[in-house]
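>>> build me a model:
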Amino acid sequence: MREALGYPLRGDHAEKALLSAWLCVLVHAIVIPIVTLVPLVGYVATVLVGESDEPPPFLERALVGRSLGATVLVVGYGVVPVGAALISILLLTGGDQPPTDADALFVLVGSTAVLAMLAAYAYLVPIALANYARTGSLRGGLTGLGAVAGDAVYFVGWASGSIVLLVGIGIASAFVDIGGIFAVIGSFVGTYAVLVASRRVGRGYAAATE
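Residues are numbered from 1 along each chain as shown. This next block holds a predicted model:
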């Protein structure tokens, strides 16, 4: 974990890469939501490959195409779990009648299934992004997930990275909600957490694919 915590500050490209990623998150937080995160998705895909001990350069032409492909994968893999969650919510809130015991059972089963799908999504998408960044092909992001997903080394890296990401995003969101200079601080905390978490997951991915 110590290696991952220092990762965003290591190497020749560290400062420019961290600043560029931070600007993407800052603009997303205070000006243009979602759109400016697309380059960050492509950069995270590169970090997830885990081939270098230093952050890769952010400002390169190849990042544009890689970001678009990575975004397609993130959205494509998310269609099923997000769609299932929306359907469950609509079925739960769409009726005019008071809920029955059958409705309660449906909510329990449906919410459990949705949570399982979201967990599977969060677990598999980093593998898909890393495969895509490594092969340069969207087809690469759709295949070869099982071998990595079943490796204990990847699970450990993913679990620790997820904890870092959740804690970092939680702190960042609290700062952004305050507004002002705290929004700037919060966006930096969130960016740093994303890079550290991506590095941690990437180390697990690299070890699982050796």
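
>>> now do the helix or strand containing residue 175, average pLDDT.
Here residue 175 sits within helix 152-178, counting by DSSP states H and E. Averaged across helix 152-178, pLDDT comes to 94.

>>> other SSEs contacting the next helix or strand after that helix?
The helix or strand immediately downstream of helix 152-178 is helix 181-208, counting by DSSP H and E. Applying 3 or more Cβ pairs under 8 Å, 6 or more residues apart in numbering; DSSP states H and E, one finds that helix 181-208 contacts helix 2-6, helix 14-30, helix 38-49, helix 101-135, helix 145-149, helix 152-178. To be clear about C-beta, it is placed using only N, CA and C from the backbone, and glycine gets the same treatment.

>>> distance from the first one to the middle of the chain?
To tie it back to what came earlier, the one meant is helix 2-6. Centroid separation for helix 2-6 versus its chain: 18 Å, with Cα atoms, centre = their mean, to the nearest Å.

>>> again with stretch 120-134
9 Å.

>>> that older thread, most tightly packed of the helices and strands packed on helix 181-208?
With neighbours taken as mean count of other Cβ atoms under 10 Å, the helices and strands packed on helix 181-208 reach their highest mean count in helix 38-49, at a mean of 24.

>>> got the angle for that helix vs helix 152-178?
Inter-element angle recorded for helix 38-49 and helix 152-178: 150 degrees (by axes from the mean of the first three to the mean of the last three Cα atoms, to 10 degrees).

>>> tell me which residues are up against helix 38-49.
Helix 38-49 is contacted by residues 17, 20-21, 24-25, 55-56, 58, 63-64, 66-71, 74, 126, 129-130, 132-134, 191, 194-195, 198-199, 201-202, 205-206 when judged by Cβ atoms under 8 Å, 6 or more residues apart in numbering.

>>> ok so, going back, which one of the helices and strands packed on helix 181-208 lies closest to residue 187?
Minimum separation from residue 187 across those (Cβ to Cβ) falls at helix 14-30, 4.2 Å.

>>> report the distance from that closest one to the chain centre.
With Cα atoms, centre = their mean, you get 16 Å for helix 14-30.

>>> need the contact list for residue 10.
Residue 10 neighbours (Cβ under 8 Å, 6+ apart): 53-55.

>>> possible to save those as TSV with distance to residue 32?
What follows is the contacts of residue 10, written out as TSV (distance: Cβ to Cβ, whole Å):
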residue	distance to residue 32
53	33
54	30
55	24
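
>>> now the buried members of those residues.
Buried members of the contacts of residue 10, counted by 16 or more other Cβ atoms under 10 Å: residue 55.

>>> just to revisit the earlier point, export the helices and strands packed on helix 181-208 to CSV and tack on distance to residue 187?
Formatted as CSV, the helices and strands packed on helix 181-208 follow (distance: least, Cβ to Cβ, whole Å):
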stretch, distance to residue 187
helix 2-6, 19
helix 14-30, 4
helix 38-49, 11
helix 101-135, 22
helix 145-149, 31
helix 152-178, 7
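
>>> since that was my last question, I'll sign off now.
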